[in-house]
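**Student:** curious how this folds, go ahead:
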Amino acid sequence: MPALQIATPPKVYTKVNPGWSATVTRLVVFKTDSKHIFGVVKNAKHATDAIPRELRAGDLILLQVTVQSARSTAPQIEHAMTFVRCYEDLTGESDRIWGRHWRYIVEGKDAYRLKNPFDMRRVNKSGSNYGQGAIKFVYVHPLDEEAIRGGGYLEPK
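**Tutor:** Take a look at the predicted model:
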């Protein structure tokens, strides 16, 4: 298997805005399992059957390996990438990358490994559900985003 090349992340992160202004980069957690994370990071792409309608170009996607497939008992966020666009997979791209078909491809750029991987439960100040029962992607609450940014969790390795 080829070595995984990780891009350098953007150097500047915008400050959190409690109103989620259209001019502010938001954070969103995308879930994947341990057997798909390599393809997600290598290609800076994620796949889903539910289109993430509120994502805007430039939003930061946090990639969380689900607890059911994680090597440890805690679901870790170890990688991030910048959202570019979402498109319907009409060519079988998801089949080629992950060996099964999803309806949509979420394209990113600048995928990178975090210096300090973290569990969303450690930074959850809002009481939001980022775990079991939450769908494949969850927008990060502004209070939790502040804890993530303020704790330095977005720094590259």
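**Student:** shaky segments in the protein?
**Tutor:** Low-confidence segments of the chain (pLDDT under 70): 1-24, 67-75, 132-135.
**Student:** in it, which residue is most central in space?
**Tutor:** Residue closest to the mean C-alpha point of the chain, counted by Cα atoms, centre = their mean, is residue 62 at 2.6 Å.
**Student:** give me the neighbour count for the nearest residue to residue 148 once chain neighbours are set aside.
**Tutor:** Excluding the flanking residues, the one nearest residue 148 by Cβ to Cβ, 6 or more residues apart in numbering is residue 123, at 5.2 Å. For every residue, glycine as well, the C-beta is placed using N, CA and C. For residue 123, the neighbour count with other Cβ atoms under 10 Å is 21.
**Student:** any idea how far residue 59 is from residue 89?
**Tutor:** 20 Å (Cβ to Cβ, to the nearest Å).
**Student:** OK, contacts around the residue nearest to residue 141 when sequence neighbours are not counted?
**Tutor:** Nearest non-adjacent residue to residue 141, counting by Cβ to Cβ, 6+ apart: residue 126, 3.9 Å away. By Cβ atoms under 8 Å, 6 or more residues apart in numbering, the residues touching residue 126 are 141, 142, 143, 144.
**Student:** how about 7 Å then?
**Tutor:** Residue 126 makes contacts with 141, 143, 144, as judged by Cβ atoms under 7 Å, 6 or more residues apart in numbering.
**Student:** which of those are buried?
**Tutor:** The neighbour-count criterion (16 or more other Cβ atoms under 10 Å) marks 141, 144 among the contacts of residue 126 as buried.
**Student:** narrow the contacts of residue 126 to those in helices?
**Tutor:** Here DSSP state H is the test, and the contacts of residue 126 give 143, 144 as lying in helices.
**Student:** between the contacts of residue 126, which sits nearest residue 157?
**Tutor:** Set against residue 157, the nearest of the contacts of residue 126 by Cβ to Cβ is residue 144 (21.8 Å).
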